[in-house]
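Asker: sequence first, then the predicted structure:
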Amino acid sequence: MDIFAGILYGFKISLQHLNLFYCFIGVFVGTLVGVLPGIGPTGAMAILLPLTFGLKPTTAIIMLAGIYYGAMYGGSTTSILVNIPGEPSSVVTCLDGYQMAKKGRAGPALGISAFGSFIGGTFSLVVLIFLVFPLAQAALKFGPPEYFSLICMSMTLLSYLAKGSVIKAIVMVIFGLMLSTVGLDLVSGMPRFVFGSPSLLDGIGFVPLAMGLFGISEVLMNIEGPLERMILKTKIKNILPNLEDWKRSIGPIIRGSVIGFFLGVLPGGGGVISSFVSYAAEKRISKHPKEFGQGAIEGVAGPETANNAGAGGAFVPLLALGIPPNVVMAFLMGALIIHGVAPGPTLISQHPEIFWGVIASMYLGNIMLLLLNLPLIGLWVKLLKIPYRILMPLILLFCVIGAYSINNSVADVIIMIICGIVGYILRKFDYEEAPLVMAFILGPLLETAFRQSLIMSDGKFSIFLKRPISGVALVISAMLLISSGFSYYRKAKMKVKE
Amino acid sequence: MKDKQNQINFIKIGLVSASLFVYALVLNRLGYLIATFLLLTVLFRSVGLKRWSSLIIISALTVLVTYFVFTSLGLRFPEGILKLR
C-alpha cells in the first residue's frame, strides 16, 4: 500500500462512528487530566486500560493515544494559569507562560500554545509516516541478536537520558527486569519466583503494576501537597495571538517541531526533554534573551510545540521496531499485546488498520483539540477550581475498580496497592518509575531475544558482536555507560577536592 | 513546624494505604457496596472533609453511582452480604 492510499484508508477507518467517538473521549479525557490536579496522562492511561479490553485494538489505541497528546494541550493551561504543570512536559511552560498571564496576556499565551501544539503535532505525523516505512523495512531483516542489542541500547539510553541520577535509573531498570521474570519461564514453562502463590504464576500484571506506580503513588504524593491551588484571577481575552505575537513565535514553532520530533524518537525522550531543549535553544538564539522568564512568548511557543512534536516522534520506534521509547508508548504496547497484536516491523503489513487508523485519528484528534481548547477554554478554567480533596478518593476508587475488573480478582487489587506504596517510597527517594515500567515491559522481549540468539549460536556469546548492527548497538551502549561513569567519577573527584 | 507537617503527612499516607489494604482484604466478604462505602468515608475524611453528615451522603452517593454505572457497563462486583437485586 503506498502512502497516499494508506492515508485515505486510515481516514476511512478513523472516521467510523465508534472510532471517532473514542478519539473524542480520548482527547477529552486527556485535556481533563492535563488540567485536573493529582493525575497525569500516564495515570489516566493506566486506569482506563482495563476499560479498553472490550474494544477492538484499533479503537483502544486511538483512545489511549488521544489521552497522551490531549494531556499535552491541557497541561499547558495549568502551567500558564496556575504555575503548576499539569503534566511533566509542560514544566518549562510555567517559566514564561505564567509570567505572561500575570501581565494580563494569558489569552495569547494559551492561544499560541494551542496553535503551536497543533502545528507541532501535525508536522510530526507527516514526518512519522515517511520515517516509519524505511525503518520498518530495514527492521524486517533483524533477527533475535539485533533485537537483543537494540533493546539493550534503548534501555541504556533511557537511563543515560534520565532526569535525575543515572545510577538510580539503572537500578530501576534492573528492578523492572527482575519483576518481569516472575511467573512461568518463557521457554521451559517452569515457574520462577512465584513463592508458591498461584496468583503469581501468570506473572505480575502490567496493568496493576502501572496503575499502582502511576495512579496510586501519584495520589499519595499529592496528599502531601497543598490542598488548594491559587488560580490567577485574570480575564482571558484575545485568545487569538496578534500579528506581532505570530511574528515572534513562528521561528520557535518551526524549530520546536523539528527538535521535538527527533528527540521524541530517542529512547527516554518524548515530550519532556523536547520541551527543555527547545526552551534552551530559543533562549540562546533570541535577540533579547533577558525577556525569557519575564513572559517571552517564544518561551511558550517553542516548548509547547516541541512537546507535541515529540509525542508524535515517539511513535516511530514503537510502530517500526516494536520497541517503545518512553512509558506512554510502553502503555500503548502493553495494550497491543493484551489485544494479541504483536508490535514490530510486521505491524504495518499485518494490521494496516491499526497503523493507518491510529495515525489518521491523530490528525483528527489534533483538530478536535484545537476546537476543544480555544473556544472552550473558559470551561477548563472552571475545572481548575475543583478542590483536590474531592478528586483524590475518586481517583483511588477508579484505580481499585479498574484493577479488580481485569480478572474479577482481589489479587490484582492487592498487587496494585503494593506497587502504589512501593512507588510512593521510590518517588520519595528520587527514583523514577518510568525506567522500571519500561524495563518491565521490555524484559520478556529482551529475554526471548537473548535465549533465541543463544540457541541460534549454540550458546556462543560472540553472536551478539559478530553481527554488524547488533555489534554497533552494543558498542554504543557500552560507550554510553562508560561516559556516564566517567562524568560520575569526575564529579566525585571534584567533591573530594572541595 | 516542618517536622510536625511531616508527621501529619506520614499518618495520612499510612492511613490511606492501610485502608486500601484492608479494603482489598474484606472486599469479597463484605461486598462492593459496604466495603467501598466504608473506604470512601475514611478517604474523604483523611483529605479534610469534616462534617459527618456530608461525609456519609457523598460516600453513599459515590458508591451507588459507580455501582450502577459500572454494572451497566458489564462489570461484576462482589455481592457480599448486601444484595441489591
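Answerer: Everything's here; your move. These numbers were taken from a predicted model, which means no experiment stands behind them.
Asker: can we go C-alpha only for contacts and neighbour counts from here?
Answerer: Fine.
Asker: what sits against the residue in the stretch 101-250 of chain A positioned nearest to chain B?
Answerer: Nearest residue of the stretch 101-250 of chain A to chain B: residue A:224, at 5.7 Å (Cα to the nearest Cα). Contacts for residue A:224 (Cα atoms under 8 Å, 6 or more residues apart in numbering or on different chains) come out as residue B:9.
Asker: close to chain B: what parts of the stretch 251-400 of chain A are there?
Answerer: Counting by Cα under 8 Å from any Cα of the partner chain, the positions of the stretch 251-400 of chain A adjacent to chain B are A:389-390, A:392-393, A:397.
Asker: state the distance from residue B:5 to residue A:129.
Answerer: Per Cα to Cα, to the nearest Å, residue B:5 is found 52 Å from residue A:129.
Asker: so residue A:164: helix, strand or coil?
Answerer: Following DSSP: H, G, I helix; E, B strand; the rest coil, the label given to residue A:164 is coil.
Asker: check residue A:431 too.
Answerer: Per three-state DSSP, residue A:431 ends up coil.
Asker: list, one by one, the residues from chain B near chain A.
Answerer: Residues of chain B lying near chain A (Cα under 8 Å from any Cα): B:9, B:12-13, B:17, B:20-21, B:24-25, B:27-28, B:40, B:43-44, B:47-49, B:75-77.
Asker: before we move on, back to that, of residue B:5 and residue A:129, who's got more company?
Answerer: The neighbour comparison of residue B:5 against residue A:129 (other Cα atoms under 10 Å in any protein chain shown) goes to residue A:129, with 18 against 11.
Asker: just the pLDDT for that one.
Answerer: At residue A:129, the predicted lDDT confidence score is 87.
Asker: and for residue A:321?
Answerer: Residue A:321 is given a pLDDT of 88.
Asker: got the contact list for the nearest residue to it once chain neighbours are set aside?
Answerer: Leaving out its chain neighbours, the residue that sits closest to residue A:321 by Cα to Cα, 6 or more residues apart in numbering or on different chains is residue A:344, at 4.6 Å. Applying Cα under 8 Å, 6+ apart to residue A:344 gives the contacts A:136, A:318-323.
Asker: give me the three-state assignment for residue A:344.
Answerer: coil.
Asker: now residue A:202
Answerer: Applying three-state DSSP: residue A:202 is coil.
Asker: quick one: contacts for it?
Answerer: So residue A:202 contacts A:182-184 (Cα under 8 Å, 6+ apart).
Asker: of these, which are in range of chain B?
Answerer: Residues of those in contact with chain B (Cα under 8 Å from any Cα): none.
Asker: which of these count as buried?
Answerer: A:182-184 (16 or more other Cα atoms under 10 Å in any protein chain shown).
Asker: quick one: low-confidence ranges for chain B?
Answerer: Chain B contains residues with pLDDT under 70 at B:1-2, B:82-85.
Asker: what packs against the longest helix along it?
Answerer: When chain B is scanned for its longest helix (criterion: DSSP state H), the result is helix B:2-30. In terms of contacts (3 or more Cα pairs under 8 Å, 6 or more residues apart in numbering or on different chains; DSSP states H and E), helix B:2-30 is packed against helix A:217-224, helix A:410-428, helix B:32-46.
Asker: after the longest one comes which helix or strand?
Answerer: Downstream of helix A:410-428, the first helix or strand assigned by DSSP states H and E is helix A:434-456.
Asker: lowest-confidence helix or strand of chain A?
Answerer: helix A:377-383 (a mean of 81; mean pLDDT, DSSP states H and E).
Asker: and residue A:475, helix, strand or coil?
Answerer: Once three-state DSSP is applied, residue A:475 turns out helix.
Asker: and the residue nearest to residue B:26 when sequence neighbours are not counted, what does it touch?
Answerer: Nearest residue to residue B:26, sequence neighbours excluded (Cα to Cα, 6+ apart): residue B:35, at 7.0 Å. Residues in contact with residue B:35 (Cα under 8 Å, 6+ apart) are B:23, B:26-27.
Asker: likewise residue A:305?
Answerer: A:113, A:116-121, A:253, A:256-257, A:260, A:275.
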